[in-house]
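whatever this is, show me its structure:
(2 chains)
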Amino acid sequence: MPAKGANIQARARAVEAPAQEPRSPEGPNGVRIRSVDRVFVTRRGEVAALAGMSLDAAPGEIVAVVGPSGCGKSTLLELICGLQEPDGGTVEADPAALMPQRDLLLPWLDATDNAALALRAHGTPREQAREAARPWLERFGLAGFERSRPAELSGGMRQRVAFLRTLLAGKPVLALDEPFAALDALTRLEMQGWLGSLLAREPRTVVLVTHDVEEAVVLADRVVVMSPRPGRTVAELAVGLSRPRHRTDPEVVALRERALEALGIPR
Amino acid sequence: MSTRVGVSGAEAGVVVRTEIRVFRAAGRLVLGWRTIVFLLVLFGAWELYVDLGGADSLILPPPHQIAQSLYDDRSLLWSNFLVTAREIVSGILVAAVAGLALAVSLHLSRTLRRALYPLLVASQAIPVVLVAPLLVLWLGFGFAPKLIVIAIVCFFPIVVTTLDGLAAVDPDLVKLMRTFDASRAATFRHVELPAALPGLFTGMKIASVFAPIGAVFAEQAGSNKGLGYVFQQAIPQLLTARAYAAVFILAAFAIALFALLTLAERLLLPWAYEPRGDNRA
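From the prediction side, this is the model:
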C-alpha cells in the first residue's frame, strides 16, 4: 500500500487540477474497481465510507448500484471520475463524466450554453459549441427551449439538459448520481423510459447510482447491491431481460423483490 | 414558418414586458407614493417643530428655508454638485475595479487571503478624517485625493460581497467542471466569475450610500469646490439652510445612484432575480 503522504498529495493536487485522467493504459476497458477502501477523517474520528468494495462495468454495460443511504455510493462515483483517490485497492476506469444528483445548471446560461459547458471548458468558441449542442437539444425533446434559462424549464427538462451536458463531455463512461431523485414520481417514470431508449441508441458504459430498486432493474444490465456503511458489494443480479422493460413485467417484479431482499427488506 | 414568427413575436413580447417591469421596479425605488407620503409627513412635522420654537432655525432650518435655498442657490449648488458627483461616480468605479481584482486574488490564493483579509478589515477602522488631510498634503487640492478617499470607503463592501459570491459557488459544480477536464482558469471564467457578479453589484449598492460621506470628508479636508466645500463654507457664515440644501442634494443623489445600480443589475443579470430551480433536491 502506498504511503499515506502520496494520497494526501494526490488529493491536494486534485483540488487545483482537472480530474486525473485514465488510469487505464489504452482502449475501452470500462470500469474495474478492486477491493477499494476509502476512509474520511472527520472531527469525530475516522469514518470508513467503503471497505473492500469491488465493481466491474464492461464497456457499453449499464451497471446500477443500489444501497441504503450513506453507503458510499457517491464516493464510489467520485472514485470512478478521478475526483478522489482510494486509500486501498485499485480503481481502473476509462475517462468518466459525472452527472450530479442536483442538475446544477448555471442559472445565467440558456439551455444550449449549459449543455455545451464541457465543450466551452475545453476552449471551444461559443458559437461552435452552441452549434454542436443544438441538434442534441432537439433529439432530447428540448426544441423550442434552446434559449430558455434553467429557471424557465421544468424539472424534467432541466435534468435532460444536465444529462446532455454530461454526454457532450465526450467521455466513454457516464457516472450518474441518482439522476432522477429530485423529480416528482410521474416525471421520474417518464425520464426513466426516456433514459432507457436513449442509452439503447447511444450506448455508453454507465454506472448508475440510485436508491430506486425498480429504476435499477428497468434500466440496468446488472444490479449491484451495497451494504450499509462501510459500503461493499453484498449481491449482484444479472438482469438479462430484453428491452424495453416495463416495471410491471413479472420478471422485473421478481428481480426487484430479490434486490430488496438483498438489501435486507423483507417481502 | 408562421409558427416560427409567432414564437419570436411572443418572445419579443415577453422581453418588452420584462423590461417594463424592471423599469417600474427601479422607478418605485426612486419615488414610490408611500415614500412621498412619508416625506410629506416628516417635512410637515419638522416645519411645525421649528416654527413652534423647538429649535433655532440657525441650528435646524425649517424645510421651507431649505427649499428656498435650493432655489436661490441653484447655480452654486448645481456647479458644485457636478464636481462631487464626478468624484463619487469615479470613486465607486475605481473601487469596483480594484475590489473585484482584490476579491479574485484573495479567492484564488489562500496565502493572500490569510495574509490580507485581517488587514483589509483593520483598514476600515481607520477614520477617513485622519487619512484625508494626509492625502491632500501628498496629492494637493485636486481630484486625486477625493477619488482615493471615496475609493477607500467603497472598497471594503465591494471586496467582501464579491468574495462571498465567489466562495458561495457549489463545490459539486467545481467537481463537475473537473470531470469535464476544465482547467482552473476555465472553471473560474465559466462558473465562479459569473456567480460572483451579483455580489459585486450588492457591494456597489452599499458603496453608493457610503461614497457621499467619503466625498464630504475629502472635500472638507482641502478643496475649493464641491458640495462638501459648500457645506463647510456655509456653516460659519450661518447659512445653515444652504448646508442642509447641500446635504439634501447628496441624499437625493445617493438614492438615484442606488436605483441606477439596481436597474443595471436587473438588466444585466436578470437570472439573479429568477427563482432558482436547482436547489430543490
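
any regions of the stretch 1-150 of chain B where pLDDT drops low?
Low-confidence segments of the stretch 1-150 of chain B, defined by pLDDT under 70: B:1-31.

just the strands in it please.
Taking DSSP state E, counting those that start in this stretch, the stretch 1-150 of chain B contains no strands at all.

just chain A next, same as before
In chain A, the segments counted as strands under DSSP state E are A:31-42, A:45-57, A:62-66, A:88-93, A:96-99, A:173-177, A:205-210, A:222-226, A:233-238.

let me have these in CSV, adding mean pLDDT as columns.
Output for those, formatted as CSV (pLDDT from 0 to 100):
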stretch, mean pLDDT
strand A:31-42, 89
strand A:45-57, 89
strand A:62-66, 93
strand A:88-93, 90
strand A:96-99, 90
strand A:173-177, 93
strand A:205-210, 93
strand A:222-226, 92
strand A:233-238, 87
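
quick one, which of those gets closest to B:Ile158.
Evaluated with CB to CB, those place strand A:96-99 nearest to B:Ile158, the distance being 34.3 Å. For the C-beta atoms, the positions are set from N, CA and C on the backbone; glycine is no exception.

and the most centrally placed residue in chain B, what does it touch?
With distances taken as CA atoms, centre = their mean, the residue of chain B nearest its centroid is B:Ser208 (1.6 Å). For B:Ser208, the contact set (CB atoms under 8 Å, 6 or more residues apart in numbering or on different chains) comprises B:88, B:92, B:254, B:257-258, B:261.

kindly report the same for B:Thr202.
By CB under 8 Å, 6+ apart, B:Thr202 lies in contact with B:157, B:161.

try 7 Å this time
By CB atoms under 7 Å, 6 or more residues apart in numbering or on different chains, B:Thr202 lies in contact with B:Thr161.

can you pull the pLDDT of it?
As summarised for this prediction, B:Thr202 has a pLDDT of 93.

show me the helices in the stretch 51-200 of chain A, by range?
A:73-80, A:111-115, A:117-121, A:126-139, A:155-167, A:185-201 (DSSP state H, counting those that start in this stretch).

still on that earlier bit, neighbours around the nearest residue to the residue nearest to the centre of chain B once chain neighbours are set aside, how many?
In space, B:Ser208 comes closest to B:Leu257 once its chain neighbours are excluded; the distance is 4.0 Å by CB to CB, 6 or more residues apart in numbering or on different chains. A count of neighbours around B:Leu257, defined by other CB atoms under 10 Å in any protein chain shown, yields 21.

please apply the same query to A:Glu92.
16.

that one against A:Arg34, yeah?
No. A:Glu92 is beyond contact range of A:Arg34, at 8.0 Å (criterion: CB atoms under 7 Å).

report pLDDT for the residue of the stretch 101-250 of chain B found nearest chain A.
Nearest residue of the stretch 101-250 of chain B to chain A: B:Ala182, at 3.6 Å (CB to the nearest CB). Note for B:Ala182: predicted pLDDT of 91.

again with A:Arg11
40.

cool, the one 3 residues further on as well?
Predicted confidence (pLDDT) for A:Ala14: 40.

what residues are up against the residue nearest the centre of chain A?
With distances taken as CA atoms, centre = their mean, A:Leu176 lies nearest the centre of chain A, 1.7 Å away. For A:Leu176, the contact set (CB under 7 Å, 6+ apart) comprises A:99, A:206, A:208-209.

JSON lines for the helices of the stretch 51-200 of chain A, including distance to chain B?
Listed next are those as JSON lines, based on distance: least, CB to the nearest CB, whole Å:
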{"stretch": "helix A:73-80", "distance to chain B": "7"}
{"stretch": "helix A:111-115", "distance to chain B": "9"}
{"stretch": "helix A:117-121", "distance to chain B": "4"}
{"stretch": "helix A:126-139", "distance to chain B": "10"}
{"stretch": "helix A:155-167", "distance to chain B": "6"}
{"stretch": "helix A:185-201", "distance to chain B": "12"}
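
ok so, going back, closest to chain A among the contacts of B:Ser208?
B:Leu261 (18.3 Å).

circling back: mean pLDDT lowest for which of the helices of the stretch 51-200 of chain A?
Minimum mean pLDDT among the helices of the stretch 51-200 of chain A: helix A:185-201, a mean of 86.

and that one, which residues are buried?
Buried positions in helix A:185-201, judged by neighbour count with 16 or more other CB atoms under 10 Å in any protein chain shown: A:187-189, A:191-196, A:198-199.

tell me what it is packed against?
Applying 3 or more CB pairs under 7 Å, 6 or more residues apart in numbering or on different chains; DSSP states H and E, one finds that helix A:185-201 contacts helix A:155-167, helix A:213-219.

from the contact counts, what lies against the first one?
Spelled out, that is helix A:155-167. strand A:96-99, helix A:111-115, helix A:185-201.

quick one: contacts of the first one?
The one in question is strand A:96-99. By CB under 7 Å, 6+ apart, the residues outside strand A:96-99 that reach it are A:77, A:80-81, A:162-163, A:166, A:169, A:171, A:173-177, A:179, B:175-176, B:179-180.

show me what counts as buried in stretch A:256-266.
Buried, per 16+ other CB under 10 Å, within stretch A:256-266: A:256, A:258-260, A:262-263.

now do the helices in the stretch 1-150 of chain B.
Under DSSP H, counting those that start in this stretch, the stretch 1-150 of chain B gives helices at B:2-31, B:33-51, B:63-72, B:74-108, B:110-123, B:128-139, B:143-167.

tell me the most buried of the ones you listed?
helix B:143-167 (a mean of 23; mean count of other CB atoms under 10 Å in any protein chain shown).
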